[in-house]
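Engineer: sequence first, predicted model second:
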Amino acid sequence: MVEHDGSEAYPQARQLLITADGGGSNGSRAQLWKLELQKLADETRLEISVCHFPPGISKWNKIEHRLFSCITKNWRGKPPVSHEVIANLIAATTTRTGLRVQSQLDTGKYPKGVRVGKQEFAAVQLLPDTCHGEWNYTIPPRS
């Protein structure tokens, strides 16, 4: 299992819901994103449902708006001189309502330009939702 995967806090969980932007590397059309979600579903044995914000409206994500304004206030006047400083400033953020942010620097190496082959993508168990299946879908774990 993946470190910090939530299985200890939610041992009975069988599903995971992800809300994601409509574009970029985790966009609704990104094949590598879906392939990696399939691998995560297989590893965690969770059915993963994804709901993408329609193109052009991810800026209306209320959590991002509320959280990013607090992060910005927290690091005001402090120069982001390194990735570690940025991660620590983000992690020190709290809100008036008691939200505490967790942040951790990811030092992994991620190659650019990774292509997903037709056969590899065909193995992804992609189940489009009945409502906007181009943006909303479920990926169950493979047996």
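Structural biologist: Done, it's in. Numbering: from 1, shown residues only.
Engineer: for Val101, which non-adjacent residue is spatially closest?
Structural biologist: Thr93 (4.3 Å; C-beta to C-beta, 6 or more residues apart in numbering). For the C-beta atoms, the positions are set from N, CA and C on the backbone; glycine is no exception.
Engineer: and the pLDDT for the one you found?
Structural biologist: Model confidence at Thr93, given as pLDDT, is 86.
Engineer: so who does it touch?
Structural biologist: In this structure, Thr93 makes contact with Leu67, Cys70, Ile71, Asn74, Arg100, Val101, judged by C-beta atoms under 8 Å, 6 or more residues apart in numbering.
Engineer: gap between it and Leu99?
Structural biologist: 8 Å (C-beta to C-beta, to the nearest Å).
Engineer: mind listing the strands for this protein?
Structural biologist: For the chain, applying DSSP state E gives strands covering 15-20, 47-52, 127-128, 136-139.
Engineer: which elements pack onto the last one?
Structural biologist: Counting by 3 or more C-beta pairs under 8 Å, 6 or more residues apart in numbering; DSSP states H and E, the packing neighbours recorded for strand 136-139 are helix 31-44, strand 47-52, strand 127-128.
Engineer: and that strand, how far out from the chain middle?
Structural biologist: Offset of strand 136-139 from its chain centre (C-alpha atoms, centre = their mean, to the nearest Å): 14 Å.
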